[in-house]
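Undergrad: structural data only, the sequence is not supplied:
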């Protein structure tokens, strides 16, 4: 038969274990108290008997057998709590209130439980503790006391121990049941939430009590995991829908172009032109899939193993120098206000992709004649990099949506691109535990990437940004933004 669910919980089993250990401790404690108490009473009886023997010998200063016989008769008559025996060498009782005994010397215990007790002993026949010794003329003298009180105390201690042990076990079982009910309810709540989630309710979460105990911490971790899973599921659904939507048009155009070339292609030049357009369409599709796979690889976190110390100042300066000719071709101005010797821990290739995407986004989506600025500085929040422009910007209602995959402000989707550039940038920032945000540049767009202090390389010369050099860098970046960077 299966035990009730309560008895199979870990907390109840731990309670039983603690109850067993506590009962064992009580047993050892009782043994120590028992032997100490019994030993003390036994020693008191032995000491009393020895003192009585000394007093008998003192009362018979001559030490003769007749004199000792008279003293024993007197003591036996006036001390009913003691038991005396004086018998001759032949075993004949000379005086006292005990029958003849074997002449054993030293400490001895007497009892008549298995045979009819001598007359006049009463309850004392169950046990007498005394001391025997040889006296004049080979006679034997014994003095004893009843051990009834000692037995009663032993019985009381045994009964108290048994009751205490029984009460301890009952309280342990009741306490274990009570202690197990609370955790069992919490575990059952987690189980119910898990079943609901497996049933399809991805928005279901585990309720917190606010106590901050281990169950609340576990529930918080599980809720965070569920939030992450739900975000990944929603992202997967969105990617599936967006891929189907965004690739349907180029694939349809590709098919139509190939079909038209087959029907109307009368010369090699026409076919080559159709093939060239088709290859460009296929390359765009492959670029889209490549970007999706790259984002998935970044979000998996496997690239963290390649993190090294990177000079971010050098990286940004290199990108500014690389993209300045590209901006000049569109009649744009690209300039930098980059503080020197800014170092972080990260993946150089991915960080290059992050800032290259942001710079390309500013160049491609801003009209001619605008200015684009790249700035960086160190502050209390960490290391901050800013890409700003004086173009049309992005309305505040769409600033979070542009980080979604395949989201494009141009609904007609006639211009080149697949809507994955900012999604890739956001994935790289999240991998580096950085915060990326969009804000108004008055006019234009300002993209801010803040790397937390924990990501900043420990040997970065922070003191350079606590004085005049940092102020100069901030003022230069501010001037660049106000003039249209």
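TA: Received it, and whenever you're ready, just let me know what you need. Keep in mind that this is a model prediction, so the values were computed, not measured.
Undergrad: domain parsing for this protein?
TA: 5-151, 214-299, 304-482 (automatic domain parsing).
Undergrad: any idea how far the helix or strand hosting residue 289 is from the chain center?
TA: Taking DSSP states H and E as the definition, residue 289 sits inside helix 268-299. In terms of C-alpha atoms, centre = their mean, to the nearest Å, the gap separating the centre of helix 268-299 from the centre of its chain is 48 Å.
Undergrad: so what's residue 261 closest to, chain neighbours aside?
TA: Nearest residue to residue 261, sequence neighbours excluded (C-beta to C-beta, 6 or more residues apart in numbering): residue 274, at 3.5 Å. C-betas here are computed from N, CA, C, even on glycine.
Undergrad: let me redo that: residue 251
TA: Closest residue in space to residue 251, ignoring its immediate chain neighbours: residue 285 at 7.2 Å, by C-beta to C-beta, 6+ apart.
Undergrad: thinking again about what came up before, and the domains of the chain, which is most packed in?
TA: Among the domains of the chain, domain 304-482 has the highest mean neighbour count (mean count of other C-beta atoms under 10 Å), at a mean of 17.
Undergrad: circling back to that earlier point, on the pLDDT front, check the residue nearest to residue 251 for me.
TA: If you check residue 285, the pLDDT there is 74.
Undergrad: that one contacts residue 253, doesn't it?
TA: No: in this structure, residue 285 is not within contact of residue 253 by C-beta atoms under 8 Å, at 10.8 Å.
Undergrad: I'd guessed residue 375 sits against residue 383; true?
TA: No: at 11.8 Å, residue 375 does not count as touching residue 383 under the criterion of C-beta under 8 Å.
Undergrad: I figured residue 368 hits residue 329, correct?
TA: No: when contacts are counted by C-beta under 8 Å, residue 368 is not listed as touching residue 329 (9.6 Å).
Undergrad: distance of residue 183 from residue 222?
TA: To residue 222, residue 183 is 16 Å away according to C-beta to C-beta, to the nearest Å.
Undergrad: show me what the host helix or strand of residue 172 packs onto, helices and strands only.
TA: In the assignment (DSSP H and E), residue 172 maps to helix 148-198. Here helix 148-198 touches helix 10-59, helix 214-264, going by 3 or more C-beta pairs under 8 Å, 6 or more residues apart in numbering; DSSP states H and E.
Undergrad: make TSV out of these and add distance to residue 395 and mean pLDDT.
TA: Below are those laid out as TSV (distance: least, C-beta to C-beta, whole Å; pLDDT from 0 to 100):
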stretch	distance to residue 395	mean pLDDT
helix 10-59	55	83
helix 214-264	21	76
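Undergrad: how about residue 130, phi and psi?
TA: The phi/psi pair for residue 130 (degrees, to the nearest 10) reads phi -150, psi -170.
Undergrad: quick check: beta-bridge partners of the closest residue to it other than its chain neighbours?
TA: Closest residue to residue 130 apart from its sequence neighbours, by C-beta to C-beta, 6+ apart: residue 144 at 2.4 Å. Note on residue 144: beta-bridge partners residue 83, residue 130, judged by DSSP bridges.
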